[in-house]
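Peer 1: No letters, just coordinates:
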């Protein structure tokens, strides 16, 4: 048996000599030995795919040989050593050669120069022939697939050949039978003498009869054929064939588009990424073109199969092709899921000038026909819906008895299921993309945003106030903060966390070192300052506090100042909702895990009506913030039931419902439902909701003993957030009366700035909140162990001693009530224990928990009816608080609804069992509903100013201020039902019409001011000044103002003035092109949407973009399904757009009003109509003769 491998040593020595003289790469490298892990310097020479190393460059024989085919080479970080000699090792650069077969240890090398290291890595990578191996694998896959196709065709050919042979055999058999029959007929014919020839007249008659029979037969067949041609079956078959022909043409075009994407973009960019100075990395190429090449190969095979079937027309069998295609279509899921990210990566890569120049060179290829790379990346997004539509049309023209009917129906159902999955995944990744976009904005990054359950709520600018001793603030320091804006913070609210960032001079965001990331489960919100706190008077009660009690650090307080009362109301409402929601979920999770081993997800799964489709509800596979499937379709009753379900409160659902409820129901119905929940909770709340409140495990633990070391009993519970609504807050659109009229006689514009000054209005002082101060930092405080009946110790009280304060009698009275409830109905031990914990941690403040005395097992229970009433009251107050604080215009415009809310709240206040926090929350909501409207404030009217005396900055700021006042005055109900497109649009959407009129007036003012000049130089100077104003508007995030000015400059009356535009400088023209590109309507305002996505409020977007989106949603999707269910997916899309609009509406500008500028901007006597402008333009520059 041969024990070694022989090789030609002479040939190896010859190759080593050639490598040392003519090698691709030569030089000294340090090689790490495998015996003692020491480094030795060797002379290496690379020739083709063989690497030789010598002791020195003068050695005649090599010390070793490495075959590099199939290996990989990559750089590795420097070794971790002690500080001694660290400087010397930092100058060395390491790389590793890993061989593709087992048993071969990797080769470790190092160099002193980084460039030398990169050259060696690149040379070895090329010598490994990895690209050739990959291409060989791809070709081998194609070859195997073609072999399979050939084998399939061979099998089909053999089957056809067998059929032909059987038919030939059958023909021969029939011929033999005919011959036998003829012989039999001859034998049976009797012998007779042929008579004389027939008469010629008889022969003629027979010929005529034969002709008539043939003519009648042909006529009959012609009628049959014509009847079939005109029959519905033939018409259906013709349409079916035409659908197939169109499908082949569409598939041909699609394959051509994919080939352009791969051959003109993907493969050239891969080569560019492998160059010495790559304009793009391989990772970015993979991210942009994920699965593109695989999709092209798949559809090339499918297209070839289609053409082969067309060759066998009219026998069209397509179902088996779809059977082959369906298992491979899952690659579309990854492509669709990655599509938005690929466009973002491409946009980031375009910031590199070299890549942008290279991409434009590729796009200029004649095969692209002027289309951009983004266009080709979008084509695969529509392919699955196109197949579904084609199959739907095919089935419409395919008879039920057709051989392909069942196969086509199966293919259609599979494609629809895949399409639904893709749609749900895209919807699910929208929130993830939003979180990732914010995470990329933060320089340090933020790991909590990588949590897929983290849902974005809102963002905006707040001022953080420094806290000093005893929570008091220094007025002098705060004055300097307001002047220098040192305390301005960019805040982001999510369902579980609150982020506070600072913005550097370069625009980058940085998390605060302390208190930058606040976990809402550890926070307590204090919305109203104390009565004896003078700081609230200093800032008009615009501040609110967040008390943070981390488990591993001292407690601290974050004091934030909102720019207005509307902003404060919006922030505090959202923060309170998030804290309520997360604590309710955490409470139910903790209680069920300890007592019944049922977690919240299991509870939801136990109720099939929360995630299983039914006749009156249909769910999506996407989960909302409560980990419950989102509703796709539902009846009004089920939506109202979900609104008042006691198990969870989804902010997404609540916002969507309150934004769109008037589409499918009325405010009176919603109010009646809330009243029923409060008055009759047991009859109004679904039975399944009550069952899960008192659900217990069937496997009861033995006895009533509770584990003394239970983590749930030792857990520290902070005080739940108060349910109060600030009495000094008002709705962002409470006062929307806007006057932009300018009387012609006086030439004075009356400007209503009530919305900007509403925050300064006074209001009645609310009662002092009964909020406990933040707990002191005492990490050694023993936990509250209720199983042993001990209260936590304190410096003033010995362990186990009762606390004699004002809270004890109320708690004792409550315990007496609980003991009396046992007599009316007994519960099992775990059910009573859960009820006790639920009431204890959800309804009582923290200071009440600390005053509990010892309870025995019989006292760990409470009244079931009492608990349900409190839970129902809490849910009704939560909904009303959200409704009143964020949608107060509903009550301003509906007096009956307002009276109904007031009556319900007054009835709640008369409840003797109402808890103090519930009573305070009810009083605050009632006070806000009954708060009187603030009076208008009219601006003074100064002297008339001319355009030349006003600076570009003054014009831009006041245009922005006016645009934002008009924009935020629009109530959200005007965005429903496409009222701006109806004949009675002035009555249905007066504020949208006023916004449109204001846009036209400002655009006409710009055009009229330019055309008012008689000389060319003055007109050119005006154009340059207005372009500068538009650029400042862009810096102020007033994109509506940018579009007002650019649309005026693009009017035919101004655009045709060639002599005037010739006087405009090149910088102004370039700036105008940049502005026009930003607000261009190309691609459904693609550039403007991307800009708004990365812009921070305050901002004035272009309203027409949102109206177009809403019209597209309204026209493309019905409000109700055929079964009469509410299309809640459509409501969610509408609510998403309205929330984005209201986010921009609720953040005001900090711009001082200048009456002299607004008086000029609102002076309608300066405005000319379109015909006057064009006539004036013709006088300035007459038309040239033809």
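Peer 2: Yes, it's here. Fair warning: this is a prediction, and the values are worked out from it, not measured in the lab. Residues are numbered from 1 along each chain as shown.

Peer 1: mean confidence for the longest helix seen in the chain?
Peer 2: Scanning the chain for the longest helix, with DSSP state H as the assignment, gives helix 130-188. Model confidence over helix 130-188, given as mean pLDDT, is 90.

Peer 1: pretty sure residue 546 contacts residue 578?
Peer 2: No. The pair residue 546 and residue 578 fails to qualify as a contact (Cβ atoms under 8 Å) at a distance of 11.5 Å. Yep, even glycine has a C-beta here, placed from its N, CA and C like the rest.

Peer 1: Quickly list what's touching both of the two.
Peer 2: Here residue 546 and residue 578 share no contacting residue, scored by Cβ atoms under 8 Å, 6 or more residues apart in numbering.

Peer 1: Low-confidence regions, the stretch 451-600 of the chain specifically.
Peer 2: Low-confidence segments of the stretch 451-600 of the chain (pLDDT under 70): 452, 467-485, 528-541, 565-566, 583-600.

Peer 1: Quick one: the helices in it, in order.
Peer 2: Listed in chain order, the helices of the stretch 451-600 of the chain (DSSP state H, counting those that start in this stretch) span residues 475-484, 535-538, 565-595, 600-606.

Peer 1: And the stretch 1051-1186 of the chain, by the same measure?
Peer 2: 1052-1055, 1058-1063, 1066-1078, 1082-1093, 1103-1116, 1128-1145, 1155-1161, 1170-1180.

Peer 1: what element comes up after the longest helix of the chain heading to the C-terminus?
Peer 2: The first helix or strand that comes after helix 130-188 along the chain, using DSSP states H and E, is helix 200-229.

Peer 1: pLDDT of that following helix, averaged?
Peer 2: 86.

Peer 1: same deal with stretch 1097-1104?
Peer 2: In this model, stretch 1097-1104 has an average pLDDT of 88.

Peer 1: returning to what we had before: could I get the helices of the stretch 1051-1186 of the chain as JSON lines with distance to residue 522 and mean neighbour count?
Peer 2: What follows is the helices of the stretch 1051-1186 of the chain, written out as JSON lines (distance: least, Cβ to Cβ, whole Å; neighbours: other Cβ atoms under 10 Å):
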{"stretch": "helix 1052-1055", "distance to residue 522": "60", "mean neighbour count": "16"}
{"stretch": "helix 1058-1063", "distance to residue 522": "62", "mean neighbour count": "14"}
{"stretch": "helix 1066-1078", "distance to residue 522": "42", "mean neighbour count": "14"}
{"stretch": "helix 1082-1093", "distance to residue 522": "31", "mean neighbour count": "15"}
{"stretch": "helix 1103-1116", "distance to residue 522": "37", "mean neighbour count": "16"}
{"stretch": "helix 1128-1145", "distance to residue 522": "27", "mean neighbour count": "20"}
{"stretch": "helix 1155-1161", "distance to residue 522": "47", "mean neighbour count": "21"}
{"stretch": "helix 1170-1180", "distance to residue 522": "61", "mean neighbour count": "15"}
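
Peer 1: Nearest to residue 225, out of those helices?
Peer 2: Closest approach to residue 225 among these is made by helix 1103-1116 (44.6 Å; Cβ to Cβ).

Peer 1: now the angle from that closest one to helix 1128-1145?
Peer 2: Relative orientation of helix 1103-1116 with respect to helix 1128-1145: 170 degrees, computed using axes from the mean of the first three to the mean of the last three Cα atoms, to 10 degrees.

Peer 1: got the angle for helix 1103-1116 vs helix 1082-1093?
Peer 2: Direction vectors for helix 1103-1116 and helix 1082-1093, defined by the same axes, to 10 degrees, enclose an angle of 120 degrees.

Peer 1: Show me what helix 1103-1116 is packed up against.
Peer 2: In terms of contact count using 3 or more Cβ pairs under 8 Å, 6 or more residues apart in numbering; DSSP states H and E, helix 1103-1116 is assigned the packing partners helix 990-1011, helix 1082-1093, helix 1128-1145.
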